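Enquirer: okay, sequence plus prediction incoming.
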Amino acid sequence: MKLFDKTLSTLERALDARLQRQGVLSGNLANVDTPHFKPKDVDVKGLVDGTETETSAVMEGAGASVGIDGNGVDVDRTLVTLAENALQYGATAKAAGKKLAILRYVASDGAA
């Protein structure tokens, strides 16, 4: 039986991907007044699966209509996406904590 399966490494990649996405989305908000700015997003699934690298996972965001100044940042949509991403980061961190608690329990031979 393997003590360390792929779960922890997958959770680690998921946390890294969510953190990167939070930074990119925050950057979109920081550029809300920048003319011709095109919002970006991160392919979280690609990063977790390993099909994308940190650089290639950053892509042009979709769905926002461009304003008069050419800026494509939709503040409301970006704030909702930030909140959703933060919740998913928290859930992933909690799952990683539970996995580590199980390993800690096993390492201590079941002693609390």
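Expert: Yep, it's here.
Enquirer: if you go through this protein in chain order, where are the helices?
Expert: With DSSP state H as the criterion, the chain has helices at 6-30, 44-49, 75-107.
Enquirer: turn these into TSV, including mean neighbour count, distance to residue 57 and mean pLDDT.
Expert: Glycine gets a C-beta too; all of them are placed from N, C-alpha and C. Output for the helices of the chain, formatted as TSV (neighbours: other Cβ atoms under 10 Å; distance: least, Cβ to Cβ, whole Å; pLDDT from 0 to 100):
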stretch	mean neighbour count	distance to residue 57	mean pLDDT
helix 6-30	16	7	95
helix 44-49	17	5	95
helix 75-107	13	14	95
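Enquirer: out of those, which is closest to residue 38?
Expert: Smallest distance to residue 38 across the helices of the chain (Cβ to Cβ): 9.2 Å, for helix 6-30.
Enquirer: and the closest one with helix 75-107, angle?
Expert: Taking axes from the mean of the first three to the mean of the last three Cα atoms, to 10 degrees, one finds that helix 6-30 is oriented at 160 degrees with respect to helix 75-107.
Enquirer: fine by me, thanks again.
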